[in-house]
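Enquirer: Task: produce atomic coordinates for the following.
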Amino acid sequence: MKYVLVTGGVVSGLGKGVTASSIGVLLKNCGLRVTSIKIDPYLNIDAGTMSPFEHGEVFVLDDGGEVDLDLGNYERFLDITLTRDNNLTTGKVYQNVLEKERRGDYLGKTVQVVPHITDAIQDWIQRVAHIPVDGRDGIPDVCVIELGGTVGDIESSPFVEALRQFHFKVGPGNMCIVHVSLVPIIGVVGEQKTKPTQHSVAVLRSLGLQPDLLACRCSVPLDEGVRQKLALFCQVPAENVLTMHDVSNIWRIPLLMQSQHAHKTILDTLRLPHYAEKLDMHTWKTHIADRWDNLKDVVHISMCGKYTDLSDAYLSVIKALQHACMAAGMKLQLTWVEAQYLEPEAKEEEPEKYEDSWKNLRAADGVLVPGGFGNRGVEGKILAAQYARENKIPYLGICLGMQVAVIEFARNVLGIKDADSTEFNPGTPNPAVVFMPEISTKHMGGTMRLGARKTLLQSISCLTAKLYQKEQYVDERHRHRYEVNPQMVPQLEAAGLLFVGKDETGERMEIVELQDNPSDHPFYVAAQVWQDCVGRCGGCRAAMVMDGLWTWV
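Expert: The predicted structure follows:
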């Protein structure tokens, strides 16, 4: 087993996840089998209870793991299916060690960060790295490990120490260290400054890790003098100082690294030099990177959400839209609509934002309402669903976007004006959406209906069956505590809102369409799935329902 460790310095948010994913793409296209592990030093057991404003979206895996969004990058770039164990947090490590301590596994010993926590980290990495994630039998060839945060952070110290020990344990030729750092441009003269990276590497080296490559983030390519200076002060060969400047799209980053022979350096370090000759990035370049840049025909989609100040809160949805655009040959113009500014109260309190939000919604070729939690902006989402239905604008609802579509239909078609969700109005006399009975009311973390679930299609003639090109069932990932009230389903279906997808019991509603779809309304589909967690870059595999949205725009 070979390992590639990706660390980061100076500031967070430099793109370690994309760098790790890009390294994986290069190695995979050299003929190696690749897996990934993301280390998050926070104390949370997982990302499930964190606000999207903290760390972006919660990415959901097939096994129900609620993990960091970087695992979404790994899955999309590498076309792999990860598990919850591929995301290691401080909380998981300490929970594991403390459970052993309570069982008596350390009986008679003083349990300490070194060696017990650091050993647990190494054991976890070694165990998970050997699990195949590409649907084939056998052990992967390379595991790409991303250490979250910034070197020198207090919370990451046990992980850095564990990785130092692990580097020594696996021996020479079995681990390559890539350090992602920042080279800022200061002043009107545009001078590229090396000091932040020098200090960052000095900290890393002081902790016992010497980088084999530097991936230097800068808005423009590094000057040759800057590369030489970094090589000198960071003790890295000049050819191993990669310039990671801004590019036209995210899929060009593996190509940028290829052009600087990063794959050769990594494979030489791992003593696998013969694989470098096998690298073939033609399909990636022509079918993904070039294709995205060459799209011309614009499609305008309004995303009506409640976390619109941070696009990472909807990262998987955005990526699915991009994949669908490439598949359909359309150039995406995505407009953010903050749902709360569509509500009548905003007309008095924030009139300018109210007008802009409605203007953007009305200008859209299609409306997408994604998932979310809490009552802020929900009435605005309901208004967006109503506008799309009544004005025959293509509509796609995801998770909460399906629930608000049901509430809107109950209110404005069935005439049940006080129809609501018990999430937002626990005392509503006409609940269209209710709390699922099997879900815990006392614990929040890891207690939702999570992971890949089978949805049985009720008719082969429904639009969803045609889009998925399936006749019996589809598998999608879920993350929710509330469901459509099964007692209201007969009324809704009698009025024309058909539940064309249901769970295996037939009691839980999964996918909804309008009865006269697509002849009257061009596209009105909503599903209880969580975001879009199954999109893939390879071959531009987009969510089929999203792909269908472009068909009707």
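
Enquirer: Please count neighbours and contacts with C-alpha atoms only from this point.
Expert: Will do.

Enquirer: pLDDT weak spots in the protein?
Expert: Within the chain, the ranges that satisfy pLDDT under 70 run 517-519, 531-553.

Enquirer: what about the most far-flung residue of it relative to its centre, distance to H116?
Expert: Ranked by distance from the centre of the chain (CA atoms, centre = their mean), the top residue is G108, with 43.5 Å. Using CA to CA, to the nearest Å, G108 is found at 13 Å from H116.

Enquirer: next one: L71
Expert: On the measure of CA to CA, L71 and H116 end up 27 Å apart.

Enquirer: Could you do A419 as well?
Expert: 54 Å.

Enquirer: Leaving out chain neighbours, which residue sits closest to V241?
Expert: Leaving aside its chain neighbours, V241 sits nearest to L214 (4.8 Å; criterion: CA to CA, 6 or more residues apart in numbering).

Enquirer: Over to S357?
Expert: Closest to S357 by CA to CA, 6+ apart is V337, at 5.6 Å.

Enquirer: Which strands or helices does the helix or strand where the one you found lies pack on?
Expert: When elements are assigned from DSSP states H and E, V337 belongs to strand 331-338. If contacts are counted by 3 or more CA pairs under 8 Å, 6 or more residues apart in numbering; DSSP states H and E, strand 331-338 sits against strand 298-305, helix 315-328, helix 351-362.

Enquirer: Would you mind giving these as a markdown table with distance to N375 added?
Expert: Below are these laid out as a markdown table (distance: least, CA to CA, whole Å):
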| stretch | distance to N375 |
| --- | --- |
| strand 298-305 | 12 |
| helix 315-328 | 21 |
| helix 351-362 | 18 |
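
Enquirer: Buried residues in stretch 425-433, which are they?
Expert: N430, P431, A432, V433 (16 or more other CA atoms under 10 Å).

Enquirer: again, but for stretch 261-273
Expert: A262, H263, K264, T265, I266, L267, D268, T269, L270.

Enquirer: residues making contact with it?
Expert: 2-3, 23, 26-27, 173-176, 212, 240, 242, 257, 275-276 (CA atoms under 8 Å, 6 or more residues apart in numbering).

Enquirer: Could you list which of these belong to helices?
Expert: I23, L26, L27, M257 (DSSP state H).

Enquirer: which residues of the stretch 101-250 of the chain fall in helices?
Expert: With DSSP state H, counting those that start in this stretch, the ranges of helices along the stretch 101-250 of the chain come out as 118-129, 157-170, 195-206, 224-234.

Enquirer: Just the C-alphas of the last one, formatted as CSV.
Expert: Once non-C-alpha atoms are left out, helix 224-234 reads as follows in CSV (Å, rounded to 0.1, in the frame of the first residue of the first chain):
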residue,chain,number,x,y,z
GLU,A,224,10.8,31.4,-12.0
GLY,A,225,12.7,33.3,-9.4
VAL,A,226,10.0,32.7,-6.8
ARG,A,227,10.1,29.0,-7.5
GLN,A,228,13.9,28.9,-7.1
LYS,A,229,13.6,30.9,-3.8
LEU,A,230,11.0,28.5,-2.4
ALA,A,231,13.0,25.5,-3.5
LEU,A,232,16.1,26.9,-1.6
PHE,A,233,14.3,27.9,1.6
CYS,A,234,11.9,24.9,1.8
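
Enquirer: So which bits of it are buried?
Expert: Those buried within helix 224-234 under the rule 16+ other CA under 10 Å are V226, R227, Q228, K229, L230, A231, C234.

Enquirer: how big is the angle separating that helix from helix 195-206?
Expert: Following axes from the mean of the first three to the mean of the last three CA atoms, to 10 degrees, one obtains 30 degrees for the angle between helix 224-234 and helix 195-206.

Enquirer: other SSEs contacting helix 224-234?
Expert: Looks like helix 224-234 contacts helix 195-206, strand 241-245 (3+ CA pairs under 8 Å, 6+ apart).

Enquirer: cool, the second one as well?
Expert: In this structure, helix 157-170 packs against helix 118-129, with contacts taken as 3+ CA pairs under 8 Å, 6+ apart.

Enquirer: hmm, who's touching the helix it packs on?
Expert: By CA under 8 Å, 6+ apart, helix 118-129 touches 35-37, 85-86, 93, 96-97, 140, 142-143, 158-159, 161-163, 166.

Enquirer: May I see the buried residues of that helix?
Expert: T118, D119, A120, I121, Q122, W124, I125, Q126, V128, A129.

Enquirer: Off-centre distance for that helix?
Expert: 24 Å (CA atoms, centre = their mean, to the nearest Å).

Enquirer: now whatever helix or strand S21 lives in against strand 241-245, angle please.
Expert: Element membership for S21, per DSSP H and E: helix 16-28. Angle between the axes of helix 16-28 and strand 241-245 is 120 degrees (criterion: the same axes, to 10 degrees).

Enquirer: distance between helix 16-28 and the chain's centre?
Expert: 15 Å.

Enquirer: who does that helix touch, helix- and strand-wise?
Expert: Looks like helix 16-28 contacts strand 2-8, strand 34-40, helix 70-78, strand 142-147, helix 253-259, helix 262-269 (3+ CA pairs under 8 Å, 6+ apart).

Enquirer: Quick one: work out the angle between the shortest one and strand 2-8.
Expert: What it means is strand 142-147. 20 degrees.

Enquirer: Need the contact partners of strand 142-147.
Expert: Residues contacting strand 142-147 (CA under 8 Å, 6+ apart): 1-8, 16-17, 20, 23-24, 32-40, 129.

Enquirer: coming back round to it: would JSON lines of the helices and strands packed on strand 331-338 with mean neighbour count and distance to H521 be doable?
Expert: Formatted as JSON lines, the helices and strands packed on strand 331-338 follow (neighbours: other CA atoms under 10 Å; distance: least, CA to CA, whole Å):
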{"stretch": "strand 298-305", "mean neighbour count": "22", "distance to H521": "17"}
{"stretch": "helix 315-328", "mean neighbour count": "23", "distance to H521": "20"}
{"stretch": "helix 351-362", "mean neighbour count": "17", "distance to H521": "16"}
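
Enquirer: for these, which one sits closest to P344?
Expert: Ranking the helices and strands packed on strand 331-338 by their distance to P344 (criterion: CA to CA) puts helix 351-362 first, at 8.3 Å.

Enquirer: who does the very next helix or strand once past that closest one pair up with?
Expert: Note on helix 351-362: by DSSP H and E, the next helix or strand toward the C-terminus is strand 366-369. Using DSSP bridges, strand 366-369 pairs in its sheet with strand 298-305 (parallel), strand 395-398 (parallel).

Enquirer: Select, out of those, the one closest to L467.
Expert: Of the strands paired with strand 366-369, nearest to L467 by CA to CA is strand 395-398, at 13.2 Å.
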